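Peer 1: here you go, sequence then predicted model.
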Amino acid sequence: MKLKRLNFLVGLLSLLVLFLAGRIEAGTLPRVLVLATGGTIAGAANGNSDTGYSAGQLGIEEIIKSAPGIDSLPVSVKAEQVVNISSQDMNFEVWRKLAMRISQAVENEEADGFVITHGTDTMEETAFFLSQVLDIDNPVVFVGSMRPATQISADGPQNLLDAIKTASCIDSFGRGVMICFNGRILDARHAVKASCLEVTAFDSTIGGSIGFTDGHGVHYITPGGLHKHKTYKLDFTKITELPKTDVIYICADMDGGMIRDCVKRGAKGVVIAGVGDGNMPEDCLKACKEVSAQGVQVVRSSRVFQGYTHRDHEFKDADYGTYAAYDLNPAKARILLQLLLACKVSDPQKIQAAFNGDRHGVLYYIEK
Ligand code: GLU
């Protein structure tokens, strides 16, 4: 009896949430807007070769038509081709277009959820960028494939079907930007391409999957509602580039020459892909101290696939003018640093806070 009452209350509450969110009206299907950018999911083999193929060959309409099951989903799917490129050529111009198109579609109530098809190589970067700049509750789900559309057992159609289900699922609201790949759902902050070979290409740098998809639907294994509204309010109609920021990959027996050189070539920020907990040889540390004294912001991340880079771990960061990236890998730390530089944040406490737990709820605005 008690259980029944609880179920009833939970059901009532869910309906109330749906109603308040304006997500459902009787008889209306959830609307998913697919924004296509290319990648292997749009790839085609060169002639009959089993080895070579070119990414970004097929248009999104063709990809959707060839994926069995999408047309029978209880979802209204619309698609737009934003670009058709390999994701190693992804750039700020496309990020900007995606951010503006999604914000506009939410404002005009054109879509409930979004799917972005993308090459796998830099998917985690575009996903993280959008996770930092979109100020919406609607789900944004990235998807791609490891095998081109023309290959036997192409993984794209299943991944796309799963991503559309995820983007149209009410449980996905308020979870921010995600990557849906090979049946796993990962959050943009920690998703990373972890294999350049297997169809199980994506993994998490910390914390594992947040959910999964299967024939029964979309299932989350972490609580929802943790996603906070975004910190970086950039006017994308005005910003056409982000400040130059380089990542320096640290190895044993290396000097600090590359750190000094990238600053000479105009870097305003440097991210160290350090060994272990963001460590580096003595001369690299010396170089960090020199460039930070020149006003360059230096963030220590780690080249290690999983884990965390702590502040003041083996030395005092303040002694070298460095910041710890905590749970962000070098590529994502670079994006966050670029956003901070674009917003002209220079207060050391605010910069460090953006990388640690205080990152949510702090508002930075770009100066006009
Ligand atoms: N390098 C291409 C890209 O990232 C193909 C890799 C892929 O999509 O899996 O777009």
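Peer 2: That came through fine.
Peer 1: chain center to stretch 279-288: distance?
Peer 2: 30 Å (CA atoms, centre = their mean, to the nearest Å).
Peer 1: buried residues in it, which are they?
Peer 2: 279-281, 284-285, 287-288 (16 or more other CB atoms under 10 Å). Quick note: C-beta positions are derived from backbone N, CA and C, even for glycine.
Peer 1: quick one: pLDDT of the residue of the chain found nearest the ligand?
Peer 2: Minimum separation of the chain from the ligand (CB to the nearest ligand atom) falls at residue 119, amounting to 1.8 Å. What the model reports for residue 119 is a pLDDT of 97.
Peer 1: likewise residue 63?
Peer 2: Looking at residue 63, the pLDDT reads 93.
Peer 1: over to the one 3 residues further on?
Peer 2: Reported pLDDT at residue 66 in the predicted model: 88.
Peer 1: all strands of the stretch 101-250 of the chain, in order?
Peer 2: 113-117, 140-143, 177-181, 184-187, 191-193, 202-204, 211-214, 217-220, 232-233, 245-249 (DSSP state E, counting those that start in this stretch).
Peer 1: so for the shortest one, mean pLDDT?
Peer 2: In this model, strand 232-233 has an average pLDDT of 72.
Peer 1: that one: how far from the chain's middle?
Peer 2: 16 Å.
Peer 1: got the residues of the chain near the ligand?
Peer 2: Residues of the chain lying close to the ligand (CB under 6 Å from any ligand atom) are 39-40, 55, 86-88, 119-121, 144, 146.
Peer 1: one more time with 8 Å
Peer 2: Contact residues, the chain versus the ligand (CB under 8 Å from any ligand atom): 38-41, 43, 55-56, 85-90, 118-123, 144-146, 201.
Peer 1: return a ChimeraX selection command for the buried portion of those.
Peer 2: Buried residues among those (16+ other CB under 10 Å), as a ChimeraX selection:
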select :38,39,40,41,43,55,56,85,86,87,90,118,119,120,121,122,123,144,145,146,201
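Peer 1: weakest of the strands of the stretch 101-250 of the chain by average pLDDT?
Peer 2: Among the strands of the stretch 101-250 of the chain, strand 232-233 scores lowest, at a mean of 72.
Peer 1: what is that one packed up against?
Peer 2: strand 364-365 (3 or more CB pairs under 8 Å, 6 or more residues apart in numbering; DSSP states H and E).
Peer 1: hang on, residue 34 in a strand?
Peer 2: Yes. Assessed by DSSP: H, G, I helix; E, B strand; the rest coil, residue 34 belongs to a strand.
Peer 1: who does it form a beta bridge with?
Peer 2: residue 79, residue 115 (DSSP bridges).
Peer 1: quick check: it touching residue 118?
Peer 2: No. The pair residue 34 and residue 118 fails to qualify as a contact (CB atoms under 8 Å) at a distance of 11.2 Å.
Peer 1: ok, residue 272 - how many residues close by?
Peer 2: Look at residue 272: counted by other CB atoms under 10 Å, it has 29 neighbours.
Peer 1: adjacent strands (with direction) for whichever helix or strand it is part of?
Peer 2: Residue 272 belongs to strand 269-274 when elements are defined using DSSP states H and E. Next to strand 269-274 in the sheet, as set by DSSP bridges, lie strand 245-249 (parallel), strand 297-302 (parallel).
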